[in-house]
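**Q** sharing a model prediction with you, sequence too.
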Amino acid sequence: MSHTPTFRQAFDWEDPHTYFWELTPKPKAPWVTGVVLLSVMIILPLVMYGMVALVGLLSPTIGFWVGVAFAAFIAFGWVALMGYRIWGEGPGQFAATINTYSINIVLVGLLAYVMSHDHFWAREGFEGPVDERLAWGWFFAEGYLRVLTLDAFELLGWHLSDIYPVSTGARLWVFAFNTLLTTALIDGGWHLWRTGQEIQRYYGTVRGFYHFAHGFVSETEMTFRRRGRVQMDEAAPSWKMMDFLDTFEPEGEADYDETG
C-alpha cells in the first residue's frame, strides 16, 4: 500500500469537479480474449456444478433443492442487476456489467445440475439415456457447440448426445439454458474485448471514475490518465438535434463527397 499517499495527494475523493479520464489496456492478441472467455465459460460452470454435486453425494434430495435454491437466488440477482444496468443510475451501474456476466455463467452450471437431476420436474419431457450422467454431459456440451457455431450442429444434423426434449416444458428449459449461454458469450465477449483492446474514456469525478474503473476485469494490466478538467456550462441552451443537422447538412454532405 506504499502508493496510497501518492494517490491521496494527487486525487481528492470528495472533489466535485468533472474530469476527462482515459483507461488504456495492455495490448493483447485477439485470440487471448477468446481463450479467456471460453475458459471462464467452461471452468466456472463446472466448479458450480461440482460444488452442488458434493452436497448431492450426502443426500440427492437435499442436493437437488440446494441447487434449485441457489439457481433461483442467483437468477433473481441477475434480473435485478440487468435492470439496474439498463435503467439504474449511479456508481454501481458500471460494475453491473461484469457482475451480470459472471452471474450468468454461474447460473449455467446450476441449471445444468438441476436439469440432469433425477428429481427434476421436467425429466419426463426428455427421451434417451436420461439416467446416465455422461449422456447429460454430452447433452450440455452439444448446447455449447450449438451456441458457438450458431446452431450449425442442428443444421447439419450432428448430435453428441442421445438425449433430446420432446415436451413443451422440456424445450423451454433447453431454450433457457441456450439463452443463458448465448447472452454469456455475447456479453462476456464484448466486455473482454472492449476492456482488453480499446481505450476507455470517461467523464466524471474521482469518485465516479473509481466505480467506473472497478467494473473492468483487467484493472491490474490497465493504466490511466486524467487528461483535464471539464468546464460545465450549466446555463447552456438546449437545441433541437434535427435543426442542427439540417443547418449543417450541406457541409456534412460535402465531407461525404470528399471521402468517397
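**A** Structure received.
**Q** would you put the C-alpha positions of stretch 68-78 in PDB?
**A** In PDB, the C-alpha atoms belonging to stretch 68-78 read as follows (Å, rounded to 0.1, in the frame of the first residue of the first chain):
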ATOM      1  CA  VAL A  68     -32.800 -25.100  -7.100                       C
ATOM      2  CA  ALA A  69     -32.500 -22.600  -4.300                       C
ATOM      3  CA  PHE A  70     -29.100 -21.300  -5.400                       C
ATOM      4  CA  ALA A  71     -30.300 -21.100  -9.000                       C
ATOM      5  CA  ALA A  72     -33.400 -19.200  -8.000                       C
ATOM      6  CA  PHE A  73     -31.500 -16.800  -5.800                       C
ATOM      7  CA  ILE A  74     -28.900 -16.100  -8.500                       C
ATOM      8  CA  ALA A  75     -31.500 -15.700 -11.200                       C
ATOM      9  CA  PHE A  76     -33.200 -13.100  -9.100                       C
ATOM     10  CA  GLY A  77     -29.900 -11.300  -8.700                       C
ATOM     11  CA  TRP A  78     -29.200 -11.500 -12.400                       C
END
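**Q** can you list the buried residues in it?
**A** In terms of neighbour count (16 or more other CB atoms under 10 Å), stretch 68-78 has its buried residues at 68, 70-71, 74-75, 78. C-betas here are computed from N, CA, C, even on glycine.
**Q** do stretch 45-56 as well
**A** 45, 48-49, 52-53, 55-56.
**Q** for the strand or helix carrying G143, packing partners?
**A** If you go by DSSP states H and E, G143 is part of helix 133-148. Packing contacts for helix 133-148, counted by 3 or more CB pairs under 8 Å, 6 or more residues apart in numbering; DSSP states H and E, involve helix 92-115, helix 152-156, helix 168-197.
**Q** low-confidence bits of the chain, can you list those?
**A** In the predicted model, the chain carries pLDDT under 70 at residues 1-5, 29-30, 33, 85, 88-99, 194-197, 215-220, 258-260.
**Q** I appreciate the help and will end here.
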